[in-house]
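Student: can you look at this prediction? I've put the sequence above it.
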Amino acid sequence: MTDNTSPPITYRPGAPADSRAVFDVCVESILEFGARTGVMPITGGDDPAVMATRWERRRSLFEHLAHNAESFWLAARDGQVVGYARAIWRDGLRELTEFFVLPGQQSAGVGRELLARVFPADGAVHRSIVSTLDVKALTRYLKAGVYARFPVQYFSHTPEVVQVATDLQIEPISPTPGTLETLAALDLALLGHRRDADHLWLLRERQGYLYSREGGPAGYGYVGQSSGPFALLDERDFPAVLAHAETQAAARGESFGVEVPLINRAALRYLLARGYRMDSFVALFMSDLPFGQFERYLFTSPPFFL
């Protein structure tokens, strides 16, 4: 409960300069949710040194989302950020990337006000979010008109050199106009929208690969300290693509894991057969109406956006 004598909540648009403040709200909210549900969503989350390192890894992502947000609003009390929400617009898709309110502030109407500002239904072809299983947040999303499609789980494994026979040609991606058009065509086929801004960020942060067959594009994928997304026209290519990605991670001495829609049977069969570990933290993909070919897709990790 909040104290009636406390300073009032104020709202203002967010900016890239707020990135560290909203990162701290995000982390504190996720840790509190983990404590309530008995899961460990962030290892070492109570260690300031670990959080400082984690912030440096996430700074680019938070700044990318701030620079490319359709709508970004903060709630503050006495100058301290106590909640925020942010959405991006990608070719008709309004995607809620973040929605967090600090514990102790959630009964003051903050969440309702933030969600109304950044996640309206008007103007969008589709709306979506990758959500935690927090009951209060889920209730708000359902009232906002988005519904559960499937769970998304993180699978990880100590990377090894893996060989899987394939006729795919696999080449590193360069951020040229022609490449962006190829990526856009694949996204339109599999997701129904293009997202050039996200690919440009991904290509700066991760190594992208284009998969081709007989001279035509067959998909793409990204590997780095965090991996994904992966998008394939033929789900039967997932074993070869994941083997290649794991091998690249092993060569770089990086960890390897992927965010998997639990309707992607081809990826799941391969990962489970390889002994990948499924994380205990469950996310849920929600949208207003069905869209996308997610049986042939792996999400961006961490799954702030598709």
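Tutor: Looks like it arrived, so ask away. Since the structure is predicted, the reported quantities are computational estimates derived from the model, not experimental observations. Residues are numbered from 1 along each chain as shown.
Student: alpha carbons only for contacts and neighbour counts from here, please
Tutor: Fine.
Student: what packs against the helix or strand of the chain with the lowest mean pLDDT?
Tutor: Ranked by mean pLDDT, DSSP states H and E, the weakest helix or strand in the chain is helix 19-37, scoring a mean of 89. In terms of contacts (3 or more C-alpha pairs under 8 Å, 6 or more residues apart in numbering; DSSP states H and E), helix 19-37 is packed against helix 48-67, strand 80-90, strand 93-101.
Student: out of those, which is closest to Thr179?
Tutor: Nearest to Thr179, of all those, is strand 80-90, at 18.1 Å by C-alpha to C-alpha.
Student: against which helices or strands is the closest one packed?
Tutor: By 3+ C-alpha pairs under 8 Å, 6+ apart, strand 80-90 packs against helix 19-37, strand 69-77, strand 93-101, helix 110-118.
Student: pick the most deeply packed of these.
Tutor: strand 93-101 (a mean of 23; mean count of other C-alpha atoms under 10 Å).
Student: and the strands in this structure, which stretches?
Tutor: Secondary structure of the chain (DSSP state E): strands at 9-13, 69-77, 80-90, 93-101, 126-131, 147-157, 169-172, 207-213, 216-223, 230-232, 256-261, 277-287, 297-298.
Student: backbone phi and psi for His193, please?
Tutor: In terms of degrees, to the nearest 10, the main-chain angles of His193 are phi -150, psi 160.
Student: reformat the helices and strands packed on strand 80-90 as JSON lines; add distance to Glu214.
Tutor: Shown next, in JSON lines, are these (distance: least, C-alpha to C-alpha, whole Å):
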{"stretch": "helix 19-37", "distance to Glu214": "44"}
{"stretch": "strand 69-77", "distance to Glu214": "38"}
{"stretch": "strand 93-101", "distance to Glu214": "32"}
{"stretch": "helix 110-118", "distance to Glu214": "44"}
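Student: any idea what the closest residue to Pro261 other than its chain neighbours is bridged to?
Tutor: Among residues not flanking Pro261 along the chain, Val152 sits closest, at 4.4 Å (C-alpha to C-alpha, 6 or more residues apart in numbering). When bridges are called by DSSP bridges, Val152 pairs up with Pro261, Ala283.
Student: can you get me a residue count around Val152?
Tutor: 24 (other C-alpha atoms under 10 Å).
Student: listing request: residues of the chain with sub-threshold pLDDT.
Tutor: 1-5, 38-47, 105-108 (pLDDT under 70).
Student: outline the domain layout of it.
Tutor: 9-145, 155-279+289-298 (automatic domain parsing).
Student: can I get these in a markdown table including distance to Phe304?
Tutor: What follows is the domains of the chain, written out as a markdown table (distance: least, C-alpha to C-alpha, whole Å):
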| stretch | distance to Phe304 |
| --- | --- |
| domain 9-145 | 5 |
| domain 155-279+289-298 | 11 |
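Student: show me what contacts Arg127?
Tutor: Neighbouring residues of Arg127 by C-alpha atoms under 8 Å, 6 or more residues apart in numbering: 93-96, 121, 146, 287-289.
Student: now render those as JSON lines, adding distance to Arg204.
Tutor: Below are those laid out as JSON lines (distance: C-alpha to C-alpha, whole Å):
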{"residue": "Leu93", "distance to Arg204": "23"}
{"residue": "Arg94", "distance to Arg204": "24"}
{"residue": "Glu95", "distance to Arg204": "22"}
{"residue": "Leu96", "distance to Arg204": "23"}
{"residue": "Ala121", "distance to Arg204": "32"}
{"residue": "Val146", "distance to Arg204": "32"}
{"residue": "Ser287", "distance to Arg204": "29"}
{"residue": "Asp288", "distance to Arg204": "31"}
{"residue": "Leu289", "distance to Arg204": "32"}
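Student: specify which member of those is nearest to Leu268.
Tutor: Ser287 (22.4 Å).
Student: re the thing from before, can you tell which of the helices and strands packed on helix 19-37 is closest to Leu271?
Tutor: Of all those, helix 48-67 comes closest under C-alpha to C-alpha, at 25.8 Å.
Student: can you get me the start-to-end distance on stretch 110-130?
Tutor: With C-alpha to C-alpha, to the nearest Å as the measure, stretch 110-130 spans 20 Å from end to end.
Student: ugh, typo on my part, it should be stretch 270-286
Tutor: OK, stretch 270-286 end separation, C-alpha to C-alpha: 25 Å.
Student: may I ask which two of the contacts of Arg127 are separated the most?
Tutor: Distances among the contacts of Arg127 were taken as C-alpha to C-alpha; the most separated pair is Leu96 and Leu289, at 14.8 Å.
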